[in-house]
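Q: model this:
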Amino acid sequence: MPELPEVETTRRGLAPHLEGRRVVTAILRRPDLRWPIPLQIEDTLPGERIDAVRRRAKYLLLDTTAGSALLHLGMSGSLRVLPADTPVRAHDHVDLLLDSDQVLRFNDPRRFGCLLWQAPGETHELLRDLGPEPLSDAFDGDYLFELSRGRKAPVKTFLMDQRVVVGVGNIYVAEALFAAGVSPLRAAGKVSRDRYGELAASIKDILAYAIQRGGTTLRDFISPDGAPGYFEQELSAYGRGGEPCPRCGRPLKQASIGQRTTVWCGHCQR
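A: Below is the predicted model of the structure:
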């Protein structure tokens, strides 16, 4: 599933083509993706100008005065801005025709993505209980330390809880824990304030760098301009179970934590 840097890369790629443009019409080639597509996409969105393209966690929002289209790429979804006469391919489920004679096209082979609607002044139920953005000032070591007191769950599971912090998925948690030298197995409540400070800084640095480099190149992700990201080749821990640790050379360990594959160095991460 695309993680925060992939979604932010998508947002940055789409924004120059969408912001200030008016939606002429919405073409739905099926009535649903993961959930039914609400009537407002066809009835309210056309005629509206897209004022901003925002990201909240792994969701994209196309803001208009009438409300916001809320999109999630799911497991295999992609968004492209294409000439309006571009032939439709398999799994091209939604088109938003723009007044630029271009179309925003949502392709989703597995249909785990979504296209929903957020009314003005409201927060969609999928966004209501989310934690802070990891790149915001609200997210730091003190925040993690205070929230984690008494938590017995592994620190990796704690960090992947979207109520704690949004958008820090399996790849980037593994990389941040490695960079900070924190074992993913350590109980969240047993991590010190100083180490949480290092961990929060590592999360910010790694996510910012991944965004700069275009996100990780996973099998189903391509950025909006058609160019893949470049961060995958630089991963230190994720996907490298059994390979030598980049620091000490010992084999990296691999196990399942919270039903997610986890890789770490038993020597360098304590």
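Q: work out the sheet partners of the helix or strand hosting residue 106 and label each with its direction, please.
A: Following DSSP states H and E, one finds residue 106 within strand 102-107. In the sheet, strand 102-107 lines up against strand 78-83 (antiparallel), strand 92-98 (antiparallel) (DSSP bridges).
Q: just say which of those strands is most tucked in.
A: strand 92-98 (a mean of 21; mean count of other CB atoms under 10 Å). C-beta coordinates here come from the backbone N, C-alpha and C atoms, glycine included.
Q: and this protein, what are its domains?
A: As given by the TED database, the domain ranges for the chain are 4-127, 141-265.
Q: helices and strands around the helix or strand that the strand holding residue 106 is followed by, which ones?
A: Counting by DSSP H and E, the next helix or strand C-terminal to strand 102-107 is strand 114-118. With contacts taken as 3 or more CB pairs under 8 Å, 6 or more residues apart in numbering; DSSP states H and E, strand 114-118 sits against helix 40-43, strand 67-72.
Q: what does strand 114-118 rub up against?
A: 33-35, 37-38, 40-41, 44-45, 61, 67-72, 74, 94, 106, 124, 126-127 (CB atoms under 8 Å, 6 or more residues apart in numbering).
Q: buried ones in stretch 157-176?
A: For stretch 157-176, the neighbour count (16 or more other CB atoms under 10 Å) marks 157-161, 164-176 as buried.
Q: distance of the closest residue to residue 258 other than its chain neighbours from residue 38?
A: Of all residues not flanking residue 258 in the chain, residue 157 sits nearest, at 4.5 Å (CB to CB, 6 or more residues apart in numbering). Shown here: residue 157 relative to residue 38, a distance of 33 Å by CB to CB, to the nearest Å.
Q: same question, residue 15
A: According to CB to CB, residue 15 stands 23 Å off from residue 38.
Q: any low-confidence regions in this protein?
A: 1, 215-233 (pLDDT under 70).
Q: what about the helices in it?
A: Under the criterion DSSP state H, helices of the chain are mapped to 4-18, 40-43, 141-148, 155-159, 170-180, 193-213.
Q: so which of the ones you listed is nearest residue 110?
A: helix 4-18 (15.7 Å; CB to CB).
Q: who are the packing partners of the closest one?
A: Here helix 4-18 is seen to pack against strand 52-56, strand 59-64, strand 78-83, strand 102-107, helix 193-213 when contacts are counted using 3+ CB pairs under 8 Å, 6+ apart.
Q: who wins for proximity to residue 27 among the ones you listed?
A: strand 102-107 (8.2 Å).
Q: returning to that earlier point: out of the helices and strands packed on helix 4-18, nearest to residue 120?
A: Taking CB to CB, strand 59-64 is the member of the helices and strands packed on helix 4-18 nearest to residue 120, at 8.7 Å.
Q: partner strands of the closest one, with direction?
A: strand 52-56 (antiparallel), strand 67-72 (antiparallel).
Q: buried ones in it?
A: For strand 59-64, the neighbour count (16+ other CB under 10 Å) marks 59, 60, 61, 62, 63, 64 as buried.
Q: what is the second one paired to in the beta sheet?
A: Beta bridges link residue 60 to residue 55, residue 71, judged by DSSP bridges.
Q: quick check, it in contact with residue 54.
A: Yes. At 7.2 Å, residue 60 counts as touching residue 54 under the criterion of CB atoms under 8 Å.
Q: coming back round to it: now the helices and strands packed on helix 4-18 in TSV, with distance to residue 234?
A: Below are the helices and strands packed on helix 4-18 laid out as TSV (distance: least, CB to CB, whole Å):
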stretch	distance to residue 234
strand 52-56	23
strand 59-64	26
strand 78-83	23
strand 102-107	28
helix 193-213	8
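Q: perfect, that will be all.
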